[in-house]
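Can you look at this prediction? I've put the sequence above it.
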Number of protein chains: 2
Amino acid sequence: MDDVPAAGRGDDAALDGLLRKEGSAFDAGAVRALVAGVLAAPPARDAEAWMRLVVAQPSPALKAALATLAEGMRATRAEQPPAAAERLMRLRAELVRRKLAGFIVPRADEHQGEYVPECAQRLAWLTGFTGSAGLAIVLPNVAAVFVDGRYTLQVRAEVDAALYAARHVTDEPPGEWIAATLKPGEALGYDPRLHTLGEVERYRVAAEKAGGRLVPVDDNPLDAAWTDRPPQPLAPVVPHPLSFAGESADAKRQSLTALLTAVPVTAAVLTAPDSIAWLLNIRGGDVSHTPLPLSFAILYADAAVDLFIDRRKLAPELAAHLGNAVRILPSEDFGPALTRLGAAQARVQVDPATASSWVFERLMTAGAAIHRAADPCLLPKARKNAVELAGTREAHRRDGAALTRFLAWLASAAADGNLGEIAASDHLAALRAEGEHFRDLSFPTISGAGPNGAIVHYRASPRSERRLAPGSLYLVDSGAQYLDGTTDVTRTVAIGAPSAEMRDRFTRVLKGHIALARCRFPQGTTGSQLDTLARRALWEIGLDYDHGTGHGVGSYLAVHEGPQRIAKVPNTQPLLPGMIVSDEPGYYKTGAYGIRIENLVVVTPVAGGGERELLGFETLTLAPIDRVLVDAALLDGEEIAWLDAYHARVRTELSPLVDGDTAAWLADATRPLGQMSRQ
Amino acid sequence: MDDVPAAGRGDDAALDGLLRKEGSAFDAGAVRALVAGVLAAPPARDAEAWMRLVVAQPSPALKAALATLAEGMRATRAEQPPAAAERLMRLRAELVRRKLAGFIVPRADEHQGEYVPECAQRLAWLTGFTGSAGLAIVLPNVAAVFVDGRYTLQVRAEVDAALYAARHVTDEPPGEWIAATLKPGEALGYDPRLHTLGEVERYRVAAEKAGGRLVPVDDNPLDAAWTDRPPQPLAPVVPHPLSFAGESADAKRQSLTALLTAVPVTAAVLTAPDSIAWLLNIRGGDVSHTPLPLSFAILYADAAVDLFIDRRKLAPELAAHLGNAVRILPSEDFGPALTRLGAAQARVQVDPATASSWVFERLMTAGAAIHRAADPCLLPKARKNAVELAGTREAHRRDGAALTRFLAWLASAAADGNLGEIAASDHLAALRAEGEHFRDLSFPTISGAGPNGAIVHYRASPRSERRLAPGSLYLVDSGAQYLDGTTDVTRTVAIGAPSAEMRDRFTRVLKGHIALARCRFPQGTTGSQLDTLARRALWEIGLDYDHGTGHGVGSYLAVHEGPQRIAKVPNTQPLLPGMIVSDEPGYYKTGAYGIRIENLVVVTPVAGGGERELLGFETLTLAPIDRVLVDAALLDGEEIAWLDAYHARVRTELSPLVDGDTAAWLADATRPLGQMSRQ
């Protein structure tokens, strides 16, 4: 018998035969390349979904062959990367080859987004730092990693201090470090596809202050050093049905082009994959937790779209879904298309906040006139339509039922003090996954017991996790991606009896949460204007929290989206009806406990106003808030009424969706504040 | 007897004799030029103060001669200006001469400040519009005046609609009008000394959109058309004593140059007269209500200062006060000094918010490197030192006593319904003028009865004024310049019995005022973050007010100063201890009444915080708030406690400073909310 492994080249002939027979455009070699891309994407819920990219309806035999191939490739793939010192040495060798003294390695990819595929995790590959924001700068004899306050502990744990100095990105900004460290005459390289214009400008000023130069590079030296770099991910891109999207891609394109014509511009460059997903009513799976189809697009004022994307990842039905007005072009054509716009002396709209400096340079060099303005999809994407809102309400019921089942389970499961953070979040994820339309979590669950709850962006690992101990607080921040909506909710639960201080702090956080949830404000008000309402009760006694109060949330899209935001940082975008934002004040006592209460709310018109049109919030999230942690003496009558009414609604809406035991627990957990427990 | 008028040239010989005899550097001709400048400044409180500019100690005979000369010149000065159509025609003729199609006429002068001397009131001369913000654009066949929402009524009353279209500056911005109205190939002129870089950039984009050009002009065509334009004002510039300033000019210069050296820059250009006044501890009188010495300065990193100013207006003791480190140069030398900085390839700090585009162009053309940063005086000027704070507390007691005497008088004077707005504000001004260290009002008093109170920037005229009628509200917003502090206070008073609606609205405004006055906030908090606290009670029922909640206030300087501000508009300047701001929410019902409650408060550290250093406000203003207008049922216990405590303090501090009748009235006006009147 032939002993060549199933994934070996020896099977290619058999696979080729199957592929030909079923009419696939792929041969075995092409399938191998495709599978490499599939494996570079996060694992899909439907492990066979990618097979439809090979042929629309693969036979059981082909499926089996493809599964065997993928399994084999996955098994041979997990090589140990070289050690950090070796990686840094390789990069420096590439720099020498290119006559560069140094190089800037950002966390961002070409889309400047929060979620980055494996192949673009350059900062993590080089330095080991896995946080969601950061930057490394490598010079001949020194290197530094810059992170923000969330990651000062993590960077120490993940990055070799002998190789990289760890710096606080705002207290010791990269520009100052460059100005002080780069030597006169030295060239500091950067990849213009990975930085915004504003970043490049800051680094340029710093390099010139040092007497050096900032130099864009065409071929990224880190990519050359990263010899086992994964390919671009290839997760299937599928239509997002009208029954969830609520507005056809055709209608969206038409209304946007009216805006472009009014500016006027010939075209708008779209570099944010979630904008492209929204505009074309498509979803992908190239990064974790957000159904992004990584791609670029150009929207023309005549409503045509050029979509730059790897055609191999398009599901068979996608061409028909996109229609004639959307031209599908290879990713490599994006640059030439920008050049063509320039050659035509077109006026082109580009968003300096999200487009890379490479896009600007390419357009300007080619002769285009640039109109700097926000991505035109941002605002309509943020304002959910009636179908999206109906969907998100449904998704929140399902999500609330899962979370409530979890909380009811937790009440007994955590009683003996042996439950761990990971087991808890695994159980919650399993309950969520049972929900209709569930596709993924919307971000890695934050499951923090005791002191771990005080780490704002905590992620439990077997090394870090703690037991949920009596007398402590447990903070769980989680959410899911459903086809009809994206959820994000945080609850803080007392394990056993809480201290008076814990109850005081929790109640102050709750007062902030309620103040924001209840507030009414005139049209034109921004999230920044409302932020203080959520902090005031903490400020009173000299406390605060070091994160924003609310972020926008997509509709089966990114759990963090703009342009609206509720934060101290000024934001000039008025809150508009249909925008979803989180309401999540918190309090964190380092080494002791963390508190956060988060619901999603949607901006809605409020009737009965006076002279001004008023807006307010409708709460979407449905899950009990731990009454044990509420000190009713700190609440005024209106706050108590809000909490009781919210709990009554949670009980009414969720009881029919949960089992009898959970319903009984829920009835007790949501009884009015003044009422004694019947349990 | 000789019948030549006293002001006639015939007396020059006699005056020359006197001047020679007393050792003046002036001859009669020079005195005439000086007097023209003196008359171009607002009238001084001490009508003879200017005479010290002629000779340090003029004899009674010289004083009499100078007074006669000034009187005569004042009498012959008030010519009727040509009609508006004639003025516009003259400007257009100057434009044709310069081959310009159009010209932009801003309200601002070369200092980009709020207060503009008569000779720089170009917008008012041309169009008749006298508001504190606006812009005209003149083209061959059309012209437009752009004003903000405060002035939409006023512009209709003051400007001939046959000559100028009136436009709303944000709804129909000048840029759009230029883009739509300028013809291809046409040149639109502007005076680069009167615009910031940002303005110029906007107009340039607009002109180019129209296919035209934006062209800077060296000689302002409007100034050529304005044949009877007054000269630059020449009010005496005097030292501001250390007993009021609290820090010597020498110490201020030294601490600023430490900042400049740290940037590093060779020099900072100062174009804001209040910054120069603060830095050098000097005060002038070139514009109304703010003791500004109009001038420019350059502060060098070695702590030397070049002061560009008309030497004739310096009081005799000023040279010694300024000392050797301050070089006094003629105003005309400012441009050449910028060129010299450029020639030396200096790095120069310039504030793009206040410096004109001319300053930037001049520096850049000459070769200077420009560091764009805020005027370095802004922040230290805003943070009052202990001496300034002690002074302002004194000034507020004096000011509060005058206002309380006024309010007590008003209670009877307004009873018959015949008191007019102007008589009321005249009486208040007379009471204030009796106070120690009084120098001027700090702005034209807003004295608004009934519907006039709803006009936010109302200024009573004999044509507009109303009687204070029973059943109406009277709003009075006023303040003074004392040597030891600047005040600004608004009270709203019920004339007779108020309606329930008036009391509801007043109480909501009061709730906002108290919420801001009482709030505690962590270091780093900006005024923008606090603004919402002042609006929330109005928002609840769909009401709001269309102005900021608080502005910075100077110390015997501008009643409006930055960089801090409490407003919806994002402001990134954290509130810092020592900053004075107003707390002035309001509500305005067009055609009916206006309500505003304004105190000045100073940012102070608050003891007893938790983890964060806390700040709060100390209220400076002392005057009763009309209890008749307070609906106690709308206030919570803490709000009532605040008002009662404030009133108790007002009573304690002011009673010793007022006459017996006023004290009796004050005791009643400041009794606790629950307590019945004994009157």
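Right, received. Where do you want to start?

Now do the same contact list for the residue nearest to A:Ser356 when sequence neighbours are not counted.
Nearest non-adjacent residue to A:Ser356, counting by CB to CB, 6 or more residues apart in numbering or on different chains: A:Arg193, 5.0 Å away. Using the backbone N, CA and C atoms, a C-beta is placed for each residue, glycine as well. Residues near A:Arg193 by CB atoms under 8 Å, 6 or more residues apart in numbering or on different chains: A:Glu110, A:Ser356, A:Trp358.

same deal with A:Gln481?
Contacts for A:Gln481 (CB under 8 Å, 6+ apart) come out as A:His289, A:Thr290, A:Pro291, A:Phe438, A:Arg439, A:Asp440, A:Leu441, A:Ser442, A:Tyr556.

can you list the residues of the stretch 451-600 of chain A near chain B?
A:519-522, A:525-526, A:528-533, A:536, A:539-544, A:568, A:570-572 (CB under 8 Å from any CB of the partner chain).

Out of these, which end up buried?
Neighbour counting over those (16 or more other CB atoms under 10 Å in any protein chain shown) leaves A:519-522, A:525-526, A:528-533, A:536, A:539-544, A:568, A:570-571 as the buried ones.

mind checking pLDDT for A:Arg45?
A:Arg45 is assigned 89 on the pLDDT scale.

right, and it touches A:Arg439 too?
Yes: between A:Arg45 and A:Arg439 there is a contact under CB atoms under 8 Å: 5.9 Å.

what's the burial count for whichever residue of the stretch 151-300 of chain A sits closest to chain B?
Relative to chain B, the nearest point of the stretch 151-300 of chain A is A:Pro264 (10.1 Å; CB to the nearest CB). Counted with other CB atoms under 10 Å in any protein chain shown, the neighbours of A:Pro264 add up to 11.

ok, residues contacting the host helix or strand of A:Val581?
Element membership for A:Val581, per DSSP states H and E: strand A:580-583. The contact list for strand A:580-583 (CB under 8 Å, 6+ apart) reads A:382, A:384, A:392, A:488, A:513, A:516-517, A:527, A:534, A:549-555, A:564-566, A:575, A:598-603, A:617, A:619-620.

mind running it again at 7 Å?
Strand A:580-583 is contacted from outside by A:384, A:392, A:488, A:513, A:516-517, A:527, A:549-553, A:564, A:566, A:598-602, A:620, using CB atoms under 7 Å, 6 or more residues apart in numbering or on different chains.

same deal with stretch A:661-671?
For stretch A:661-671, contacts defined as CB under 7 Å, 6+ apart pick out A:404-405, A:408, A:411, A:624, A:627, A:647-648, A:650-651, A:654-655, A:658, A:677-679.

coming back round to it: hmm, which of the contacts of A:Gln481 are the buried ones?
Neighbour counting by 16+ other CB under 10 Å classes A:His289, A:Thr290, A:Pro291, A:Phe438, A:Arg439, A:Asp440, A:Leu441, A:Ser442, A:Tyr556 among the contacts of A:Gln481 as buried.

How many residues are close by the residue lying closest to the third one once chain neighbours are set aside?
When the adjacent residues along the chain are set aside, A:Pro291 lies closest to A:Arg283, with 3.9 Å between them (CB to CB, 6+ apart). The number of residues packed near A:Arg283 is 26, by other CB under 10 Å.

Relative to A:Cys119, how far out is A:Arg283?
20 Å (CB to CB, to the nearest Å).

picking that back up, how about the strand holding A:Val581: buried residues?
Of all the residues in strand A:580-583, those buried under the rule 16+ other CB under 10 Å are A:Ile580, A:Val581, A:Ser582, A:Asp583.

what is the mean pLDDT for it?
Mean per-residue pLDDT for strand A:580-583: 98.

try stretch A:82-100
Mean per-residue pLDDT for stretch A:82-100: 96.

got the contact list for that stretch?
A:102-103, A:125-128, A:138, A:140, A:143, A:160, A:163, A:187, A:189, A:215, A:217, A:221-222, A:224-225.

ok, the buried ones among the contacts of A:Gln481 vs A:Pro273, which is closest?
Closest to A:Pro273 out of these is A:Thr290 (8.5 Å), distances taken as CB to CB.

Lowest-scoring secondary structure element of chain A by mean pLDDT?
helix A:152-158 (a mean of 88; mean pLDDT, DSSP states H and E).

Can you give me the buried ones in the helix or strand following that helix?
Later in the chain than helix A:152-158, the nearest helix or strand by DSSP H and E is strand A:165-168. Buried residues in strand A:165-168, counted by 16+ other CB under 10 Å: A:Ala165, A:Ala166, A:Arg167.

Tell me if I'm right that A:Asn599 and A:Glu618 touch.
No: in this structure A:Asn599 lies outside contact range of A:Glu618 using CB atoms under 7 Å: 10.3 Å.
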